[in-house]
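A.B. asks: sequence first, then the predicted structure:
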Amino acid sequence: MMQTLPPLIADAAALSVAGAGLVRYEVGPALVGAGADATVVIVAPGDHPRVSGVQDSTKVLLRGEMGPALAPRFAFEGAPPLHVFAGLDQGCLPLGTARCRGSSASAPDHLQHAELELDQPLSRPVLDAVRPVPAPGPVPGVEWVDLVPVDPIRALESFVLGWFPAEETATATADSKGTAGEPDGRLPEALTAFHHLARLRPAIHRFHDPVLRRPEHATGPLGDRLVFAEWAGASMDWSIPWPPQGPDAEDPPVWHTEDPRNEDAETIPEKEPLSRFLLQFTLHGALLAAPYHAATYVMPTARLGVLWDALRPVPLSPFLPTYQAVEFYVAPGLLVAVSRDEHEATVSFGALHRGILTPLLEHGFRWIRFDG
């Protein structure tokens, strides 16, 4: 059964909800009406991620100067009711009541940002009317997957150069946690290539847990090692034997160490050598840093079948095998992380454009988060 939009009302009727003594304020592109009974927020329609407007089915952002008279209206507790509308060409579309769940101030009583949470999620037709999904436009391809078995360093380079745009200033800066000097020896080819790539695309050094700009010397139960990446505040790290020796010196094994500050820290070998591990690590970081995300609730593994025709598997062993055992899949402009066993699975998506996620609605998954 087709869902219809709520009736539109005139701007004056929407503002009248605020009650007597109405005072109007312009907050960026939004109009805010403050009255004796309520606060009315009228936002402009459009796809405006992280700026004023509807962000998803429950979140509305306001960005702009909100002075001492208006700021108390967006207090977490004790503020008058908030009524939110979207100003369409033919009138205002009611979006419901909301509560302010977060704000920031440039000075006391001068808000610059307020995050509103709608009391009832918007239906898909309403969301599409107030935040239409734009066409994706050009997206990078996935031909680099063919290189993974034969030349993972080139595969990593091709992925990063395609996924991340060039920046005006592409220079590496010293890592405050790095060592004062360079390692006492030549870095393996894969790590050297990664750092060269980071100078071309600095975004890969802005991941939540990036590869260290300067590796650090350490010791462990398997011997001396060179730590090149840390995770979650150094609660775990990844390293290579140092100095690398023998037939694997150019593409050494990777060691994963849990709780490296602990004297009894456990160090275990990763399944992938350095060149392929760096690709795994970068895919994971790029997915987490993507502009748009979607994530499913746990579902039967058999439900994944609808995805395979649209995705290419990346031929790597599972990433973080003792935690999520993530398998990576890709499509143009889309990264996909699948964690599964014989019975249950979860899927996370990272996309360069919102419109890449929207077709996933056809599959009927239950979503923890859906930015499309």
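C.D. replies: Done, it's in.
A.B. asks: from here on, contacts and neighbour counts on C-alpha atoms
C.D. replies: Fine.
A.B. asks: neighbours of residue 195, just the number please.
C.D. replies: Neighbourhood size, residue 195 [other Cα atoms under 10 Å]: 19.
A.B. asks: over to the closest residue to it other than its chain neighbours. Which of the three states is it?
C.D. replies: Take residue 195 and drop its neighbours on the chain: the residue closest to it by Cα to Cα, 6 or more residues apart in numbering is residue 213, 7.3 Å away. Put simply, residue 213 is strand when judged by DSSP: H, G, I helix; E, B strand; the rest coil.
A.B. asks: ok, residue 213 to residue 113 distance?
C.D. replies: Note on residue 213: its distance to residue 113, by Cα to Cα, to the nearest Å, is 34 Å.
A.B. asks: ok, which stretches of the stretch 251-372 of the chain are helices?
C.D. replies: 274-289, 354-357 (DSSP state H, counting those that start in this stretch).
A.B. asks: now those helices in JSON lines, with mean pLDDT?
C.D. replies: Listed next are those as JSON lines, based on pLDDT from 0 to 100:
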{"stretch": "helix 274-289", "mean pLDDT": "97"}
{"stretch": "helix 354-357", "mean pLDDT": "93"}
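A.B. asks: need those helices in TSV with mean neighbour count and distance to residue 255, can you?
C.D. replies: Compiled in TSV, the helices of the stretch 251-372 of the chain are given as follows (neighbours: other Cα atoms under 10 Å; distance: least, Cα to Cα, whole Å):
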stretch	mean neighbour count	distance to residue 255
helix 274-289	22	9
helix 354-357	21	35
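A.B. asks: quick one, which of those is nearest to residue 62?
C.D. replies: helix 354-357 (20.4 Å; Cα to Cα).
A.B. asks: contacts for that closest one, please.
C.D. replies: 133-136, 292-294, 333-334, 351, 370-372 (Cα atoms under 8 Å, 6 or more residues apart in numbering).
A.B. asks: mind redoing it with 10 Å?
C.D. replies: 47, 49, 132-137, 139, 291-294, 331-334, 349-351, 370-372 (Cα atoms under 10 Å, 6 or more residues apart in numbering).
A.B. asks: report how many residues lie close to residue 331.
C.D. replies: Residue 331, neighbours per other Cα under 10 Å, totals 18.
A.B. asks: just grab the bridge partners of it for me.
C.D. replies: residue 334 (DSSP bridges).
A.B. asks: in PDB, list the C-alpha atoms belonging to stretch 49-60.
C.D. replies: Taking only C-alpha atoms (Å, rounded to 0.1, in the frame of the first residue of the first chain), the coordinates of stretch 49-60 have been written out as PDB:
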ATOM      1  CA  PRO A  49      25.200  16.100   5.300                       C
ATOM      2  CA  ARG A  50      26.700  17.500   8.500                       C
ATOM      3  CA  VAL A  51      25.100  21.000   7.900                       C
ATOM      4  CA  SER A  52      21.700  22.400   8.700                       C
ATOM      5  CA  GLY A  53      18.800  20.100   7.600                       C
ATOM      6  CA  VAL A  54      17.500  16.600   7.900                       C
ATOM      7  CA  GLN A  55      20.300  14.100   8.200                       C
ATOM      8  CA  ASP A  56      18.400  10.800   8.500                       C
ATOM      9  CA  SER A  57      15.100   9.500   9.700                       C
ATOM     10  CA  THR A  58      15.600  10.700  13.300                       C
ATOM     11  CA  LYS A  59      18.300  13.500  13.200                       C
ATOM     12  CA  VAL A  60      18.000  17.100  12.200                       C
END
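A.B. asks: for the closest residue to residue 296 other than its chain neighbours, give me the pLDDT.
C.D. replies: The shortest distance from residue 296 to any non-neighbouring residue, by Cα to Cα, 6+ apart, is to residue 367 (4.4 Å). Residue 367 is assigned 94 on the pLDDT scale.
A.B. asks: quick one, what contacts residue 367?
C.D. replies: 294-298, 347-348, 361.
A.B. asks: which parts of the stretch 51-200 of the chain are helices?
C.D. replies: 124-130, 152-163, 189-200.
A.B. asks: most tightly surrounded among those?
C.D. replies: Of all those, helix 152-163 has the most neighbours on average by mean count of other Cα atoms under 10 Å, namely a mean of 20.
A.B. asks: lovely, talk soon.
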